[in-house]
Each structure stands twice: as C-alpha cells, then as structure tokens.
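S.K.: return a 3D structure for these sequence lines:
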Amino acid sequence: MALSLMPIDEVERQFQRLQTITSSSLGNLLLYFKNHWVHGVVPIHMWNFYDANHRTNNTSEAYNLRFATRLSKKHPNIWSFIQLIQS
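M.R.: Residues are numbered from 1 along each chain as shown. The predicted structure is shown next:
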C-alpha cells in the first residue's frame, strides 16, 4: 500500500476508500492494517514518509556492503571480525 507516501491527513480517508474498492477476500488483511497501523499500536506519523528527506535505507545498505566486503568471507569467525574492527 502506498499510504505511507501520502500526506498524513489523507491516510485515513484514502484507507477507507481502499476498503470500499478492494475484494472482500482481503478483509482480514485490511482489518489487521486498520487495527495495527491506522487506528492502533503504531501512530501514523511513525510510519508515514511523506515529509521525510530520506525515504530509503540506502546509506545503511551501502555501509553494510562495504563492511561485508572488507570481511571477505560470508561467515567470518570472531577472530576475523576482531581483526577487522581493530584495523
């Protein structure tokens, strides 16, 4: 769902619209989404990216790739890891 990319004040209205145009077979999914994300545990402002400067985790992924490349093994042992962070 693209609800995370629209203005916060539009999310509830567009979610209601989505409920009216989707198949009834998605009822359980929409109920979960409504209870957990729209009106529930996680506030909309925590998962909405409309005003966010960075919408991806590309910087984190780039760091992890560089770090993994420096390890030069898929599953290094603890000693290889310690040597890497000491260097």
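
S.K.: and the gap between S72 and S80?
M.R.: The spacing between S72 and S80, counted by C-beta to C-beta, to the nearest Å, is 8 Å. No exception for glycine: its C-beta is placed from N, CA and C like everyone else's.

S.K.: so for these two, which residue has more residues nearby?
M.R.: Using other C-beta atoms under 10 Å as the criterion, S72 and S80 rank with S80 on top: 12 against 9.

S.K.: doesn't K73 make contact with the more buried one?
M.R.: Yes: applying C-beta atoms under 8 Å, one finds S80 in contact with K73, separated by 6.5 Å.

S.K.: now for the helix or strand hosting Y63, which elements pack on it?
M.R.: In the assignment (DSSP states H and E), Y63 maps to helix 58-71. In terms of contacts (3 or more C-beta pairs under 8 Å, 6 or more residues apart in numbering; DSSP states H and E), helix 58-71 is packed against helix 78-86.

S.K.: run the chain-centre distance for the helix it packs on.
M.R.: Relative to the mean C-alpha coordinate of its chain, helix 78-86 is positioned 31 Å out (C-alpha atoms, centre = their mean, to the nearest Å).

S.K.: what packs against that helix?
M.R.: By 3+ C-beta pairs under 8 Å, 6+ apart, helix 78-86 packs against helix 58-71.

S.K.: residues making contact with the helix it packs on?
M.R.: The contact list for helix 58-71 (C-beta atoms under 8 Å, 6 or more residues apart in numbering) reads 80-81, 84.

S.K.: give the closest residue to the most centrally placed residue in the chain in space, chain neighbours not counted.
M.R.: By C-alpha atoms, centre = their mean, the mean C-alpha position of the chain lies nearest to W47, the distance being 7.7 Å. Spatially, and ignoring its direct neighbours in sequence, W47 is nearest to S4 (5.6 Å; C-beta to C-beta, 6 or more residues apart in numbering).

S.K.: ok, that neighbour - contacts?
M.R.: Residues in contact with S4 (C-beta under 8 Å, 6+ apart) are 47-50.

S.K.: hmm, try it at 6 Å
M.R.: By C-beta atoms under 6 Å, 6 or more residues apart in numbering, S4 lies in contact with 47-49.
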